[in-house]
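With the sequence up front, the predicted model follows.
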Amino acid sequence: MYGADSARFYEAQHTARGKDYRAEAEVVAGEALRRRPGASSVLDVACGTGGHLGAFGELIGRTEGVDLSEPMLEIARRDHPDVPLHRGDMRDFDLGRVFSVVTCLFASIGYVNDTGELRAALSCFARHTEPGGVVAVEPWWFPETYLDRWVSGDVVRWNDTTVARVAHTVRDGDASRMEVHYLEATPDAGVRHLTEVHRAMLFTREQYEEAFRLAGLEPEYVPGALSGRGLFVGVRTDRRELPKG
């Protein structure tokens with residue numbers, strides 16, 4: 001889960017590097033609207049700092065967000081004061097209402113710990129989706145597309161802060177383990193060094209599709225979408241009220 005420092009670095013990195021949230025939202029909204037014409041509401045799960053919320057509101061309609069990290073939500077609330085935002089775990093949150101479209105982007109689904117938690121998350125998404133509605137999930141890499149020992153790095157300048165980030169990702173059983181180091185330099189505080197570790201599951205395409213179907217969602221995989229990892233888009237065909245848990 002992202003703490004206060006990580007949330008600030010996350011915002012700085014993606015803002016300074018020009019991450020095109022609008023273009024990503026257009027891709028997801030296009031896939032959703034093809035399957036659910038007339039969709040009028042979106043729930044963005046693991047919404048982070050809220051980069052997609054404004055675009056989803058314009059492209060589809062009423063928008064809400066859920067995230068486990070309160071520091072990320074604080075940034076999202078600052079930028080989107082009129083959007084309802086909720087703190088919750090993607091595996092078991094309960095808002096008590098349904099949406100036309102439920103999204104989970106930027107490979108956030110990879111933070112679950114096993115296939116049981118993947119299924120729990122997809123079931124939770126389905127419970128918040130109206131019959132005939134759409135669930136769109138951007139996966140982390142598949143085992144065969146993951147590149148072991150990947151090294152990345154960049155330096156960004158944002159407001160009065162300079163942040164250098166380097167990361168090294170290795171295979172860790174059925175997951176990837178990314179160790180990230182930050183150097184933050186500001187005029188008043190000087191230079192600080194911070195580290196964080198991200199473990200993301202390397203589920204197969206078949207494991208994702210099985211989790212969708214067990215949740216009452218008929219999935220289709222759209223290869224190459226968004227960051228190149230593709231996009232799973234599932235239509236809720238099960239019209240029964242789904243049980244919790």
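Received it, and whenever you're ready, just let me know what you need.

which stretches of the protein form strands?
Along the chain, the stretches classed as strands by DSSP state E are 41-45, 62-67, 85-87, 99-104, 129-137, 150-158, 161-172, 175-186, 190-201, 217-222, 231-236.

Redo the ones you listed as CSV? Include mean pLDDT.
Compiled in CSV, the strands of the chain are given as follows (pLDDT from 0 to 100):
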stretch, mean pLDDT
strand 41-45, 98
strand 62-67, 98
strand 85-87, 98
strand 99-104, 98
strand 129-137, 97
strand 150-158, 90
strand 161-172, 93
strand 175-186, 94
strand 190-201, 93
strand 217-222, 97
strand 231-236, 98
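
Would you format those strands as a markdown table with mean neighbour count included?
Backbone N, C-alpha and C define where each C-beta goes, glycine included. Listed next are the strands of the chain as a markdown table, based on neighbours: other CB atoms under 10 Å:
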| stretch | mean neighbour count |
| --- | --- |
| strand 41-45 | 26 |
| strand 62-67 | 23 |
| strand 85-87 | 16 |
| strand 99-104 | 26 |
| strand 129-137 | 22 |
| strand 150-158 | 12 |
| strand 161-172 | 16 |
| strand 175-186 | 17 |
| strand 190-201 | 13 |
| strand 217-222 | 17 |
| strand 231-236 | 24 |
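
what's the closest of those to Val27?
Among the strands of the chain, the nearest to Val27 by CB to CB is strand 231-236 (7.4 Å).

For that closest one, give me every contacting residue.
27-28, 31-32, 35-36, 122, 126, 129-139, 208-209, 212, 215-222, 225 (CB atoms under 8 Å, 6 or more residues apart in numbering).

which residues does Trp150 contact?
For Trp150, the contacting residues are Ala167, His168, Thr169, by CB under 8 Å, 6+ apart.

What's opposite the last one in the beta bridge?
Right, Thr169. Per DSSP bridges, the residues bridged to Thr169 are Trp150, Met178.
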